[in-house]
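Could you look at this predicted model? Sequence included:
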Amino acid sequence: MMNALTEFDVGDEERLVRDSVSRMMQDTRKPIVVNGEITAPGRHAASYMNELEALGISELVVTDGGIDVPTVRRVAIICEEAGAHLFLGPTVESLVVPFITASGLLPEFKVISADGLAIPAFGSSLINPFSNVQVVRESNSLHIVGKITRVPFGPMASSYVIAGQIGNSPCLLLISANAKGLIIRKEDMADGTQRAVINLDGCSVPVSSLIAEGASAQKALQLISDLLMLGVSAQLAGIAARVLQLGCEHISTRTQFGRPLAAFQALQHRAANDFTAVEISRAFLYQMCDYWDEERNRRPLLHALLAKTAQTAIDTAKSSIQMHGAMGFTAEHELGWNLKAAVALSTRYGDIAGHRRLFAEFDIAYW
Amino acid sequence: MSLFHRDTREEADFRKEVREWLEVNVPEETRHELDVTNPEVSREWHHKLWKRGWIAPHWPREYGGMGGAVEQQVILMEELARVGGPYVQPSGLNFLGFAIMEFGTEEQKKELLPRILSGETTWCQGYSEPQAGSDLASLRTRAVLDGDEWVVNGQKIWSSGAPHCDRMFALVRTDPDPAVKHAGISMLLIDLKTPNLTVTPITTLTGHVHFSIVSFDSVRVPKSSMLGEVNKGWKIANHVLTYERISGSSPKHDLISMDVLRRLATKTGRINDEAFKERLGKAGIDVIAHIAMHRWAIERVKAQKSLGFSTSVMKIAGSDALHGVTDLLLDAAGSDAASEEKPMDNDQQLDALGLFLLSRRSTIWGGAAEIQKNIIAERILGFPRSWR
Ligand SMILES: Cc1cc2nc3c(=O)[nH]c(=O)nc-3n(C[C@H](O)[C@H](O)[C@H](O)COP(=O)(O)OP(=O)(O)OC[C@H]3O[C@@H](n4cnc5c(N)ncnc54)[C@H](O)[C@@H]3O)c2cc1C
């Protein structure tokens, strides 16, 4: 993190997590040139997963304590660093299945979490995704009908956690990407990631794929969605901090009219506004973690946090591009990729306007 | 319980006690006050809180507080904001008191602090002058030592509360020709009833008699009325400003405005408009994010850690969030925004325009927003000094 920003990490252990993640993620920021064509920085697909594994990220966060405040804080730190390093793979998405295992909500999960990348595939709307998919029990299999659109990282996963309904009762399934009848359509995203439309019409899976039903499915969905929102918010906060740093460094070194650009008040005030937004967003992020157990307010606050960090990331990236002049408008420069990533992340699970409306619908208890 | 804070059992008990007491004791006619509307009521209220022992929980016990119980102070402020208790003149309690504790002589502490607590003496702040606003260090009000007295000549302006306060802590120039202009400034504690001193009230945009011009025409002030050393007043001035910014970035005004906004939008039906709802969400989110940082700051103060220049960050974020809410208030009021017939809700006036107008002050007082941005640029981001 940029030096001038307030350090919200507490204790040596958190600092160590941040430092090691940051060190391991180095060099991922530069756009990659293949055959003269510039493509997104950050690593994706299979190699990304190997790297995540090498980082030992899931061991860092999945502990016996379940999903407690220190764990959530570590998720935030890792995701924030991922954002700051343009590490654009499924950072929080890949943590969800081990997380659910650790939470003890679904003991069955242990059995299945071992193989490859398992990601939540609820689509972009985390509000009641159960209705997308109908599940019918047959003698020794489950028959599935439905389609899930906008599944982040869908094409690279080997299995999916899917929300559906058996009759009127919500359920969660864990199904393999190779399941009979499952059809995937890839969709390329502007930040270099991919998402998928998963068509399940006529898909048939073993009964053992059913991992939760009724209230426990609902509870697990809630927790998974909350974690996704927190992780993505943290990534956005990381992007915001990074582009702020780039902007401040640039105007401190670039000279025009015989002095550094940073001596001009118009740019100083732009930077001060950006700095304020980033500080406030990060303070919000870590307060959110510290009050994770306060379930009454968690969901509305997560909508608020996501909307706030998303807006801050986009605004700060725009501002930083402005500070860089034409250089900020090039594909070679990291900045534009940050802006694309900010847009992609802020629309990954809902969008800013939607989160604001959802927040407004809760009459939040301030005291 | 409040956002981003979990009361301990002791704090929860305190909160309950305060809440119950306030329900019974807050005068009906002054609920939801954000400025002094009736100085007498304000004084009585101060006295009442003092007698209950709750005027300054954050003060050390030796000076009559509750032993630096910052959390109790916050609870009290939150509960007061919740029921909308009357406005209490903050300068003595929240800014000057601490400066006296830090820089005052034993006699000054003994004489002044108990009276600040009881509300017997109320204080106003004499920093700004007609020619010295943001550039405060260029102030010209002159104090010259003549025997055992300082003789003061000049003019202060915008002194909040001066029309109904007893005394002023004033920055005066004691060295007319210092090496740097921040030097040569001292802090004088002046009785507003002193001969040759005139207070001319100024009415604000919202119709309150809030501030004033205070003119000194060879006003004689005892030598012992200096706080701290001669020519060392700048440090005290900044000490006061730090406390002023912390207290000024409290989300009270935001929350009161947010509450009125929700009720007004519900009443006018704007709340059902999806575009409006989005803006309502955005405004609320900015308030929440500001509260998150404010709560973080309180924890730091409790741990006796410095906030550094974060007070500038909070001041900007707080006033921006407030402006977001009050802009939307006008929107919610629609074509009735300028009407003097305010809608009512449960006996409370929903005064959108009043809150909108009042919020203009938040980017001006206590160091204007642009000045806070200069501070962030130079002190936090380390940019070169810009031309000024
Ligand atoms: C409600 C209220 C209560 C107040 N109470 C008190 C009080 O009790 N005691 C007291 O002493 N004062 C008080 N003040 C005065 C307050 O401290 C000053 O208004 C403030 O410091 C700004 O000074 P000014 O009004 O002279 O504006 P100016 O300094 O003239 O500034 C005008 C505008 O120019 C901007 N500006 C100035 N310099 C720069 C720069 N270098 N770069 C960029 N922009 C700049 C300012 O930000 C502002 O927007 C109060 C003000 C208000 C509104």
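Right, received. Where do you want to start?

Around the residue in the stretch 251-388 of chain B positioned nearest to chain A, how many other residues sit close by?
Residue nearest to chain A within the stretch 251-388 of chain B (CB to the nearest CB): B:G281, separated by 3.0 Å. For glycine as for every other residue, the C-beta is placed from the backbone atoms N, C-alpha and C. Number of residues near B:G281 (other CB atoms under 10 Å in any protein chain shown) recorded here: 25.

Excluding sequence neighbours, find me the nearest residue to it.
What sits nearest to B:G281 in space, not counting adjacent residues and going by CB to CB, 6 or more residues apart in numbering or on different chains, is A:R356, at 3.0 Å.

OK, contacts around the one you found?
Applying CB atoms under 8 Å, 6 or more residues apart in numbering or on different chains to A:R356 gives the contacts A:H303, A:A307, B:K277, B:E278, B:R279, B:L280, B:G281, B:K282, B:I285.

and the gap between it and A:S124?
Separation of A:R356 from A:S124 (CB to CB, to the nearest Å) stands at 16 Å.

One more: A:M327?
Distance from A:M327 to A:S124, by CB to CB: 33 Å.

ok, the residue of the stretch 251-388 of chain B closest to chain A touching A:F362?
No: assessed by CB atoms under 8 Å, B:G281 is found out of contact with A:F362, at 9.4 Å.

Got phi/psi on residue 211?
Since you didn't name a chain, this refers to chain A. Phi and psi for A:I211, reported as degrees, to the nearest 10, are phi -110, psi -20.

other chain: chain B
Note on B:F211: backbone dihedrals following degrees, to the nearest 10 are phi -120, psi -170.

Check A:L172 too.
When read as degrees, to the nearest 10, the backbone of A:L172 gives phi -120, psi 140.

which one of A:M327 and A:S124 has more residues nearby?
A:S124 (17 against 13).

would you say that one is within a strand?
No: the assignment for A:S124, made by DSSP: H, G, I helix; E, B strand; the rest coil, is coil rather than a strand.

How much space separates it from A:L306?
Distance from A:S124 to A:L306, counting by CB to CB: 12 Å.

shared neighbours, these two?
The contact sets of A:S124 and A:L306 overlap at A:Y349, A:G350 (CB under 8 Å, 6+ apart).

got a pLDDT number for the residue in the stretch 1-150 of chain A that chain B sits nearest to?
Closest contact between the stretch 1-150 of chain A and chain B, by CB to the nearest CB, is at A:A4 (5.1 Å). At A:A4, the pLDDT value in this model is 94.

Ok, A:Y366 next?
At A:Y366, pLDDT is 68.

swap in A:T149?
At A:T149, pLDDT is 96.

what do you get for A:E51?
The model's pLDDT for A:E51 equals 63.

Residue of chain A closest to chain B, please.
Nearest residue of chain A to chain B: A:R356, at 3.0 Å (CB to the nearest CB).

quick one: what helix or strand has that residue in it?
Following DSSP states H and E, one finds A:R356 within helix A:352-361.

on that earlier part again, select from the contacts of A:R356 every entry located in helices.
Secondary structure from DSSP state H places A:H303, A:A307, B:K277, B:E278, B:R279, B:L280, B:G281, B:K282, B:I285 of the contacts of A:R356 in helices.

can you pull the contacts of the third one?
B:K277 makes contact with A:R356, A:R357, A:A360, A:E361, B:I271, according to CB under 8 Å, 6+ apart.

Equivalent analysis for the last one, please.
Under the criterion of CB under 8 Å, 6+ apart, the contact partners of B:I285 comprise A:A304, A:A307, A:K308, A:R356, A:F359.

Of those, just say which sits nearest to B:M77.
Comparing those against B:M77 with CB to CB places A:A304 closest, at 22.6 Å.

Correct me if wrong: the closest one contacts B:G284.
Yes: in this structure, A:A304 is within contact of B:G284 by CB under 8 Å, at 7.3 Å.

Between the two, which contacts overlap?
In contact with both A:A304 and B:G284: A:F359, using CB under 8 Å, 6+ apart.

hang on, the earlier thing: quick one: which of the contacts of B:K277 is nearest the ligand?
The nearest member of the contacts of B:K277 to the ligand, counting by CB to the nearest ligand atom, is A:R356 at 29.5 Å.

need the strands for chain B, in chain order.
B:123-126, B:142-146, B:149-157, B:167-173, B:185-191, B:197-203, B:209-222, B:226-227, B:344-345, B:348-349 (DSSP state E).

now do chain A
Here chain A has its strands, by DSSP E, at A:32-34, A:37-39, A:118-120, A:133-137, A:141-152, A:159-166, A:169-176, A:183-188, A:194-199, A:203-206, A:210-213, A:255-256, A:259-260.

May I see these arranged in TSV, with mean neighbour count and distance to B:R173 as well?
Output for those, formatted as TSV (neighbours: other CB atoms under 10 Å in any protein chain shown; distance: least, CB to CB, whole Å):
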stretch	mean neighbour count	distance to B:R173
strand A:32-34	10	63
strand A:37-39	13	62
strand A:118-120	26	67
strand A:133-137	18	77
strand A:141-152	19	64
strand A:159-166	24	71
strand A:169-176	22	73
strand A:183-188	13	68
strand A:194-199	21	67
strand A:203-206	18	83
strand A:210-213	20	74
strand A:255-256	12	39
strand A:259-260	14	33
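
Need those in TSV (columns: distance to A:T316).
TSV is the format used below for the strands of chain A (distance: least, CB to CB, whole Å):
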stretch	distance to A:T316
strand A:32-34	24
strand A:37-39	23
strand A:118-120	28
strand A:133-137	38
strand A:141-152	23
strand A:159-166	33
strand A:169-176	37
strand A:183-188	26
strand A:194-199	25
strand A:203-206	43
strand A:210-213	39
strand A:255-256	22
strand A:259-260	20
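
Serialize these to a markdown table and add fields for distance to chain B.
Compiled in a markdown table, the strands of chain A are given as follows (distance: least, CB to the nearest CB, whole Å):
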| stretch | distance to chain B |
| --- | --- |
| strand A:32-34 | 31 |
| strand A:37-39 | 31 |
| strand A:118-120 | 25 |
| strand A:133-137 | 28 |
| strand A:141-152 | 21 |
| strand A:159-166 | 25 |
| strand A:169-176 | 27 |
| strand A:183-188 | 26 |
| strand A:194-199 | 25 |
| strand A:203-206 | 36 |
| strand A:210-213 | 31 |
| strand A:255-256 | 11 |
| strand A:259-260 | 6 |
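
of the ones you listed, which approaches the ligand most closely?
Across the strands of chain A, the ligand has its closest neighbour in strand A:259-260 (16.7 Å, CB to the nearest ligand atom).

about what we covered before: let me see the contact set for the residue of the stretch 251-388 of chain B closest to chain A.
Residues near B:G281 by CB under 8 Å, 6+ apart: A:H303, A:A304, A:A307, A:H355, A:R356, A:R357, A:L358, A:F359, A:A360.

Of those, which pair is most distant in space?
Greatest spatial distance among these (CB to CB): A:A304 and A:R357, at 11.6 Å.

Closest residue of the stretch 101-250 of chain B to chain A?
Closest to chain A within the stretch 101-250 of chain B is B:S249: 11.3 Å, counting by CB to the nearest CB.

Identify the residue spatially nearest to the residue in the stretch 151-300 of chain A positioned nearest to the ligand, adjacent ones excluded.
Across the stretch 151-300 of chain A, the shortest distance to the ligand (CB to the nearest ligand atom) belongs to A:Q265, at 6.0 Å. Using CB to CB, 6+ apart and skipping residues adjacent in sequence, the residue nearest A:Q265 is B:S386, 4.3 Å away.

cool, and A:W292?
Using CB to CB, 6+ apart, the closest residue to A:W292 is A:V72 (4.7 Å).

what sits against the one you found?
Applying CB under 8 Å, 6+ apart, the residues near A:V72 are A:L227, A:L230, A:C289, A:W292.

Tell me which entries of those residues lie within helices.
A:L227, A:L230, A:C289.

about what we covered before: does the residue of the stretch 1-150 of chain A closest to chain B touch B:F383 like I think?
No: between A:A4 and B:F383 there is no contact under CB under 8 Å: 10.5 Å.
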